[in-house]
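>>> Here is a sequence with its predicted model. Questions after.
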Amino acid sequence: MIFDLALENGVICDGTELFPANVYVRDEIIELIAEKNRKFQARQSVDCSGLFLLPGFIDPHVHFELNLGKYSSRDDFDSGSALALSGGVTSIIDFLDPVSSAEELQRALESRLALAAKSRVDYSFHVTLAGNPESCASEIIDKSLSVGLPSIKVFTTYSSSGRRTKDGMLFDLLSLSRSRGVVILAHAENDELIVSRSTRCNEERPFSYVDLPYMRPTISEVAEVAKLVLFSNSVHGQLYIVHVSSGETVRTISSMDIDWKKSTVLETCPQYLLLDASMLEKSQGFLNTYCPPPREDVERRILNEELKQGNLTTIGTDHCPFLSTEKEENVLDYRTMPNGTGSLGISFSALNTILDGDIVKTSSLLSTNPAKAFGLYPFRGRIAPGSLANLAIVDRDCVKEYSKSPFTKSDHTLFEGFSLRGEVKTTVLRGRVVFHENRVLADPGNGRVITRGPVFWRD
């Protein structure tokens, strides 16, 4: 018996425990997990001595080639997917352009598929609603499920650009989400508060990027997330809050006298775990512009504690970098500045540092939990016979100073000089070594589209 790939002498994390073992792959699937002293022939072998084998990471929140009109996010599906592989990410979920009807959804999918054809990693999409669509909630869900995209994103803000979805439609979507098998993602900030502060500020002067914490305060997120959690809990829905920025938000939700985790998943991102609002005041602070904005250090520290306590379930990156010159040329008027930053590729090192080398919890946040949240488990998100052979092979204990990756098209990183613990050494996608010794070995177009069926969260 000869296998296609052998990963030997490492320690496996299957999502719940650690144990030394060898992994053997045939036809893209994990076929055998053997005790460390049992070795079998394979066409290719990787010695994983001193390393940990984790299920390939799943980034459920990226924006490749996001078109904002004058600007587009710098990483396309080619460079962005190369960056993903360097960070152990084997599957990503991007977003369709906003749609206002079921008919527009098909065209949006075809347009996005054409761009994603050059991806090096496997990919899927979330449907994105533009404000209050012409089609009713049931029709939107029907169409989303028919094209294999059982996740729909809404915004509770950005009314000025027509992206805000009102509470009635939101409640209808959440009411149907559990029975129909869809997940409702929400960018949750209070629109009225943001509009009011923007208007007040603009009457005096064009507001600056340093005004971001004032323009989009923590209470804006806390209030809107609390409302949505109550909505979802009341109808036993499936709600996924993207990019939670403040520990105060999580603390507030956790203090509510309801079992909110049955109907809500909270996601955060590396930038909120590692950075704080003081970055806006420093040299080139304009680079730290994204929404929600970075919070005060005390809120960041609370967020880290809530992460350790298990009140945050997944990590996305909201990866959406722009060139420093594109931000700087709008430094006098924040309203025209492109919002977003790049954090793809740093998630493992960031979490491993914050969680002090807790590989099981890190693996759950980066792989098992997002796989379960979006209908990818158990084929993805675990290491077990019968699962897809997607793995991130990591050094848990090395400490390195972070610098900009050679794989991104961005010209900067907000994490320059950060001392972080842990590094991805090798990435395996569908049984093939696609990143090793700091080299991406997968060609553009290597990725495959992931069609997802209905998602039903367990109680």
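Sure thing, it's come through.
>>> ranges for the strands of the stretch 151-300 of the chain?
In the stretch 151-300 of the chain, the strands defined using DSSP state E, counting those that start in this stretch lie at 151-155, 183-187, 239-241, 264-268.
>>> Indicate which one of the ones you listed is closest to Ser175.
strand 183-187 (10.0 Å; CB to CB). Any C-beta I mention is one placed from the backbone N, CA and C, and that applies to glycine too.
>>> okay, the angle between that closest one and strand 264-268?
50 degrees (axes from the mean of the first three to the mean of the last three CA atoms, to 10 degrees).
>>> Next, the residues that contact strand 183-187 from outside, please.
126, 150-158, 170, 173-174, 177, 228, 232, 237-243, 373-374, 455, 457 (CB atoms under 8 Å, 6 or more residues apart in numbering).
>>> need the contact list for the residue nearest to Ile241 when sequence neighbours are not counted.
Counting by CB to CB, 6 or more residues apart in numbering, Leu266 is the residue found nearest to Ile241 once chain neighbours are left out, at 5.2 Å. For Leu266, the contacting residues are Ile241, Val244, Val250, Ile253, Asn311, Leu312, Thr313, Thr314, by CB under 8 Å, 6+ apart.
>>> one more time with 10 Å
By CB atoms under 10 Å, 6 or more residues apart in numbering, the contact set of Leu266 is 225, 229, 239-244, 249-250, 253-254, 260, 306-307, 311-314.
>>> and if you look at Val455?
Taking CB under 10 Å, 6+ apart as the criterion, Val455 is in contact with 145, 150-151, 177-178, 180-183, 238, 372-377.
>>> thinking again about what came up before, redo the strands of the stretch 151-300 of the chain as a markdown table? Include mean pLDDT and distance to Ala82.
Shown next, in a markdown table, are those (pLDDT from 0 to 100; distance: least, CB to CB, whole Å):
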| stretch | mean pLDDT | distance to Ala82 |
| --- | --- | --- |
| strand 151-155 | 98 | 25 |
| strand 183-187 | 98 | 26 |
| strand 239-241 | 98 | 27 |
| strand 264-268 | 98 | 24 |
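>>> Export those strands to a markdown table and append columns for distance to Asn22.
Shown next, in a markdown table, are the strands of the stretch 151-300 of the chain (distance: least, CB to CB, whole Å):
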| stretch | distance to Asn22 |
| --- | --- |
| strand 151-155 | 36 |
| strand 183-187 | 36 |
| strand 239-241 | 36 |
| strand 264-268 | 34 |
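>>> and Leu115, which of the ones you listed is closest to it?
Among these, strand 151-155 comes nearest to Leu115, with 17.7 Å by CB to CB.
>>> Helices along the stretch 251-400 of the chain, start to end?
270-274, 297-308, 324-328, 347-354, 359-363, 369-373 (DSSP state H, counting those that start in this stretch).
>>> tell me which residues in the third one are buried?
Taking 16 or more other CB atoms under 10 Å as the neighbour-count basis, helix 324-328 is seen to contain the buried residues Glu326, Lys327.
>>> just for the stretch 151-300 of the chain, where's the confidence low?
200-205 (pLDDT under 70).
>>> My guess is Leu280 contacts Pro213. True?
Yes. Here Leu280 reaches Pro213: they are 7.3 Å apart, a contact under CB atoms under 10 Å.
>>> residues shared between the contacts of those two?
Common neighbours of Leu280 and Pro213 (CB under 10 Å, 6+ apart) are Pro293, Pro294.
>>> More neighbours: those two, which one.
Neighbour totals were compared for Leu280 and Pro213, and Leu280 leads with 20 against 16 (other CB atoms under 10 Å).
>>> Now do the contacts for the more buried one.
Contacts of Leu280 (CB under 10 Å, 6+ apart): Ser208, Tyr209, Val210, Asp211, Leu212, Pro213, Phe286, Leu287, Asn288, Thr289, Pro293, Pro294.
>>> Could I get the phi/psi values of the last one?
The one in question is Pro294. Pro294 adopts backbone torsions of phi -60, psi 150, taken as degrees, to the nearest 10.
>>> What separation is there between it and Glu281?
Pro294 sits at a distance of 11 Å from Glu281 (criterion: CB to CB, to the nearest Å).
>>> more crowded one of these two?
Using other CB under 10 Å, the more surrounded residue of Pro294 and Glu281 is Pro294, with 25 against 9.
>>> hang on, the more buried one packs against Lys282?
No. Counting by CB under 10 Å, Pro294 stays clear of Lys282, with 11.3 Å between them.
>>> how far away is Leu115 from Ser405?
Distance from Leu115 to Ser405, counting by CB to CB: 21 Å.
>>> higher neighbour count, these two?
A count of neighbours by other CB under 10 Å puts Ser405 above the other of Leu115 and Ser405, at 18 against 15.
>>> Please name the residues that touch the more buried one.
Residues in contact with Ser405 (CB under 10 Å, 6+ apart) are Ser79, Ala82, Leu83, Ser86, Gly87, Gly342, Leu344, Gly345, Ile346, Thr413, Asn438.
>>> Nearest residue to the last one in space, please, no chain neighbours.
The shortest distance from Asn438 to any non-neighbouring residue, by CB to CB, 6+ apart, is to Ser86 (7.6 Å).
>>> per-residue pLDDT, the nearest residue to Lys143 once chain neighbours are set aside?
Setting aside the residues directly before and after it, Lys143 is nearest to Ala102 in space (CB to CB, 6+ apart), at 3.9 Å. On pLDDT, Ala102 comes in at 87.
>>> Equivalent analysis for Gly15, please.
Gly15 is given a pLDDT of 78.
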